[in-house]
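Trainee: A structural model of the following input is requested.
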Amino acid sequence: QVQLVESGGGLVQPGGSLRLSCADAGFTLDYYAIGWFRQAPGKEREGISCIDSDGSTYYVDSAKGRFTISRDKAKNTVYLQMNSLKPEDTAVYYCATASHCSGSYYLWEYDYWGQGTQVTVSS
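Mentor: Presented below is the predicted three-dimensional model:
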């Protein structure tokens, strides 16, 4: 059973950086695509980035140039490095598994979800 755990969230000032992690202690993530999503209060959950099992990466326009997704298979962990953070990046961030990155970020394409980690960007 896949049990994703996100970590690395917190409070950061505008312009700052955070690195989020998505890991599973007991199930290899090597063969899954992993997507990162976020949900701000009162808004729908939205996709940010996805990394395929072969390492191919995809980003939505708002993440390009600021966010970097990567995976460390030895640590069974996927990361989302977030730089130049803005107050509008404040949200709960989730990772989820899929068979591949479609680029559409439909929620139904993703099977297993973590519990989320809060990111707050504020001065």
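Trainee: okay, CA-based contacts and neighbour counts for the rest of this
Mentor: Will do.
Trainee: how much space is there between residue 39 and residue 61?
Mentor: Relative to residue 61, residue 39 is positioned 17 Å away (criterion: CA to CA, to the nearest Å).
Trainee: how about the nearest residue to residue 79 once chain neighbours are set aside, secondary structure?
Mentor: Leaving aside its chain neighbours, residue 79 sits nearest to residue 21 (4.6 Å; criterion: CA to CA, 6 or more residues apart in numbering). Following DSSP: H, G, I helix; E, B strand; the rest coil, the label given to residue 21 is strand.
Trainee: how many neighbours does residue 21 have?
Mentor: Neighbour count for residue 21, taken as other CA atoms under 10 Å: 22.
Trainee: Next one: it from residue 15, what distance?
Mentor: According to CA to CA, residue 21 stands 20 Å off from residue 15.
Trainee: Residue 5 now?
Mentor: On the measure of CA to CA, residue 5 and residue 15 end up 26 Å apart.
Trainee: Touching, the residue nearest to residue 79 and residue 7? I think so.
Mentor: Yes. Residue 21 lies in contact with residue 7 (CA atoms under 8 Å); the separation is 5.2 Å.
Trainee: returning to what we had before: tell me the confidence at the residue nearest to residue 79?
Mentor: For residue 21, the pLDDT comes out at 98.
Trainee: Now do the contacts for residue 4.
Mentor: By CA atoms under 8 Å, 6 or more residues apart in numbering, the contact set of residue 4 is 22-24, 95-96, 112-115.
Trainee: residue ranges of the strands in this protein, please?
Mentor: Ranges of strands in the chain, per DSSP state E, are 5-7, 10-12, 18-23, 33-39, 46-51, 57-59, 67-72, 77-82, 91-98, 110-113, 117-121.
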